[in-house]
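**Q** Fold the following for me, if possible:
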Amino acid sequence: MHVTKLEVAKVDASLGLVFGYAIVCKLADGSDYYDLQDDHIPEDVMLKGACEFMESDRIMKDMHQGGPAGQIVFAFPMTTDIAKALGITVEKTGLLVAMKPANPAILGKFQSGEYTGFSIGGYVEY
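**A** Numbering: from 1, shown residues only. Got it, this is the predicted structure:
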């Protein structure tokens, strides 16, 4: 089992967007990724859940707290098969997102490095 800290990949203040992985499924060596709660989301489950999530509200939360704090405006499911079909080599697979916080103070927390991960308003059952 591998546990890796998820990190925000990029903040674009001019667009108000935060980019990174909302879900990680596998690492570069093909091993399953387990989060800090010891949860693993298989690629097929992530793909199905991401489709349902993007067809609905696409909300982000402020670190798992309260109601909607912005929206996921871009999402791309990067599975092993999709990466291979596109000729892309990736270090991890999962759901790539760009979120747009509704509150400038939340964006500021990503810019400062206070927030290093994501909180989307969804769940997966399998």
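
**Q** Tell me where the chain has strands.
**A** Along the chain, counting by DSSP state E, strands occupy 2-3, 8-12, 17-27, 33-34, 59-62, 65-78, 92-101.

**Q** Include mean neighbour count, mean pLDDT and distance to residue 43 when you put those strands into TSV, please.
**A** Every C-beta, even on glycine, is put in place using the N, C-alpha and C of the backbone. Below are these laid out as TSV (neighbours: other C-beta atoms under 10 Å; pLDDT from 0 to 100; distance: least, C-beta to C-beta, whole Å):
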stretch	mean neighbour count	mean pLDDT	distance to residue 43
strand 2-3	12	40	15
strand 8-12	14	91	19
strand 17-27	22	93	5
strand 33-34	18	92	10
strand 59-62	20	73	22
strand 65-78	15	84	8
strand 92-101	22	93	6
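
**Q** Residue 116 is nearest to which of these?
**A** Each of those has some distance to residue 116 by C-beta to C-beta; the shortest is strand 8-12, at 5.9 Å.

**Q** follow-up on the earlier one: including distance to residue 107, could the strands of the chain go into a markdown table?
**A** Listed next are the strands of the chain as a markdown table, based on distance: least, C-beta to C-beta, whole Å:
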| stretch | distance to residue 107 |
| --- | --- |
| strand 2-3 | 28 |
| strand 8-12 | 7 |
| strand 17-27 | 7 |
| strand 33-34 | 27 |
| strand 59-62 | 11 |
| strand 65-78 | 9 |
| strand 92-101 | 5 |
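
**Q** Just the CA trace of the longest helix anywhere in the chain, in PDB.
**A** Counting by DSSP state H, the longest helix found in the chain is helix 43-55. As requested, C-alpha coordinates have been extracted for helix 43-55 and formatted as PDB (Å, rounded to 0.1, in the frame of the first residue of the first chain):
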ATOM      1  CA  GLU A  43     -10.100   3.600 -11.800                       C
ATOM      2  CA  ASP A  44     -13.500   2.200 -13.100                       C
ATOM      3  CA  VAL A  45     -15.300   3.500 -10.000                       C
ATOM      4  CA  MET A  46     -13.700   6.900 -10.300                       C
ATOM      5  CA  LEU A  47     -14.700   7.100 -14.000                       C
ATOM      6  CA  LYS A  48     -18.300   6.300 -13.300                       C
ATOM      7  CA  GLY A  49     -18.400   8.600 -10.200                       C
ATOM      8  CA  ALA A  50     -16.700  11.500 -12.100                       C
ATOM      9  CA  CYS A  51     -19.300  11.200 -14.900                       C
ATOM     10  CA  GLU A  52     -22.200  11.400 -12.400                       C
ATOM     11  CA  PHE A  53     -20.500  14.200 -10.500                       C
ATOM     12  CA  MET A  54     -19.900  16.400 -13.600                       C
ATOM     13  CA  GLU A  55     -23.400  15.800 -14.800                       C
END
